[in-house]
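[1] the following comprises the amino acid sequence and a computationally predicted model.
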Amino acid sequence: DAGITQSPRHKVTETGTPVTLRCHQTENHRYMYWYRQDPGHGLRLIHYSYGVKDTDKGEVSDGYSVSRSKTEDFLLTLESATSSQTSVYFCAISGRGSAWETQYFGPGTRLLVL
Amino acid sequence: AQKVTQAQTEISVVEKEDVTLDCVYETRDTTYYLFWYKQPPSGELVFLIRRNSFDEQNEISGRYSWNFQKSTSSFNFTITASQVVDSAVYFCALSDSQDGSEKLVFGKGTKLTVNP
C-alpha cells in the first residue's frame, strides 16, 4: 500500500469555523490531489498540486484553499465551513514522473459541518 | 470536455453470476489513460487497473477482465463467478490533460451488490 495518511480521520465542526485537513505521503510522489465524495456525485476534484508551491483548481474549488510547502504534505483548508461542505474527503498521490501513473488514495476524512 | 459515464447506478446479482459494469468515456485527447477503482463498504479506494489508449488488448486478472474498445469509447469491466466480497462501488476514471491540466475525471460509480 502507498504510504498516505490523512488527519484527522473524523471531524465535527460548526458552520463558520475554519478547518484544515492534512494529507501526508512517504512515497516522494510529485502529484497530490484532494477530492470530495458525495452520494450521487462520485469523486470530484477540489484542488491538486504538481509540485511544491504549485497548485491548481479542480472542479469544485470554491470555498477551499490548499497549500504545499514540502513534497510530503498537502493541506486543504475550508476558510469558513458551511453545511454543504459536509462530505468525505480523499487525498491521492501519483507520479514520481508522470501524472498518468496510478493515483493511490488515502483512507479518507469524514467531515460533518453542523 | 472529458466525461465518464457509468450508466448503471446499481446492480444486484446472485453469487456465481457473471456481471459486467459499463464505462463510456468522451475525450479529445489522442493519448489518454483509463482506470478502474473499487470502493468496498469499508470506504477505502482500491486501484484495479490502468490502461493507456494505445493498448487495446483485453486484460484478465483472475475473475476480473476488462474490455477496452476505442471504436465505441468503452472500457467495460466483467467479474466472472461473482462473490459476496465483490460487493462494492466501482469507479471508472479518465485522464484529463485539457488546458494543461493533469488530473482524472471520475464516473459517478456503479454500486454492485452480490447476494449469497
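    Perfect, I can see it now. Residues are numbered from 1 along each chain as shown, chains lettered A, B, ... in the order given.
[2] going by C-alpha atoms from here, please, whenever you check contacts or count neighbours.
    Will do.
[3] who's in contact with residue A:93?
    A:4, A:25, A:29, A:30, A:31, A:32, A:33, A:103, A:104, A:105 (Cα atoms under 8 Å, 6 or more residues apart in numbering or on different chains).
[4] mind doing that once more with 7 Å?
    A:29, A:31, A:32, A:33, A:103, A:104, A:105 (Cα atoms under 7 Å, 6 or more residues apart in numbering or on different chains).
[5] ok, the third one touching residue A:92?
    Yes. Checked against Cα atoms under 7 Å, the pair residue A:32 and residue A:92 is within contact range at 5.6 Å.
[6] neighbour count for those two, which is higher?
    With neighbours defined as other Cα atoms under 10 Å in any protein chain shown, residue A:32 and residue A:92 compare such that residue A:32 has more, 30 against 27.
[7] what's around residue A:105, how many residues?
    Residues near residue A:105, counting by other Cα under 10 Å: 25.
[8] over to residue A:59?
    Counted with other Cα under 10 Å, residue A:59 comes out at 11.
[9] repeat that for the one 3 residues further on.
    Residue A:62 is surrounded by 11 other residues when neighbours are defined as other Cα under 10 Å.
[10] so what pLDDT did it get?
    At residue A:62, the model reports a pLDDT of 96.
[11] that one in helix, strand or coil?
    The local conformation at residue A:62, judged by DSSP: H, G, I helix; E, B strand; the rest coil, is coil.
[12] now do the contacts for the closest residue to residue B:74 other than its chain neighbours.
    Take residue B:74 and drop its neighbours on the chain: the residue closest to it by Cα to Cα, 6 or more residues apart in numbering or on different chains is residue B:24, 4.4 Å away. Residues near residue B:24 by Cα under 7 Å, 6+ apart: B:4, B:5, B:6, B:73, B:74, B:75.
[13] and if you look at residue B:51?
    Here residue B:51 is in contact with B:33, B:34, B:35 (Cα under 7 Å, 6+ apart).
[14] from residue B:89, how far out is the first one?
    If you measure residue B:33 against residue B:89 using Cα to Cα, to the nearest Å, the figure is 20 Å.
[15] okay, now the sheet partners of the helix or strand residue B:92 falls within, with direction.
    In this assignment (DSSP states H and E), residue B:92 forms part of strand B:88-96. Partners of strand B:88-96 in the sheet, by DSSP bridges, are strand B:33-39 (antiparallel), strand B:103-106 (antiparallel), strand B:110-115 (antiparallel).
[16] deepest-packed of those, please.
    Ranked by mean neighbour count, the strands paired with strand B:88-96 are led by strand B:103-106 with a mean of 24 (mean count of other Cα atoms under 10 Å in any protein chain shown).
[17] surely residue A:112 meets residue A:13?
    Yes. The criterion here is Cα under 7 Å, and residue A:112 meets it with residue A:13 at 6.3 Å.
[18] what's the local residue count around residue A:46?
    By the criterion of other Cα under 10 Å, residue A:46 has 23 neighbours.
[19] nearest spatial neighbour of residue A:73, skipping sequence neighbours?
    Nearest to residue A:73 is residue A:24, by Cα to Cα, 6+ apart, at 4.7 Å.
[20] that neighbour pairs with what?
    residue A:5, residue A:73.
[21] if I look at it, how far off is residue A:52?
    13 Å.
[22] between these two, tell me which one has more neighbours.
    Shown here are residue A:24 and residue A:52; by other Cα under 10 Å, residue A:24 has more neighbours (21 against 17).
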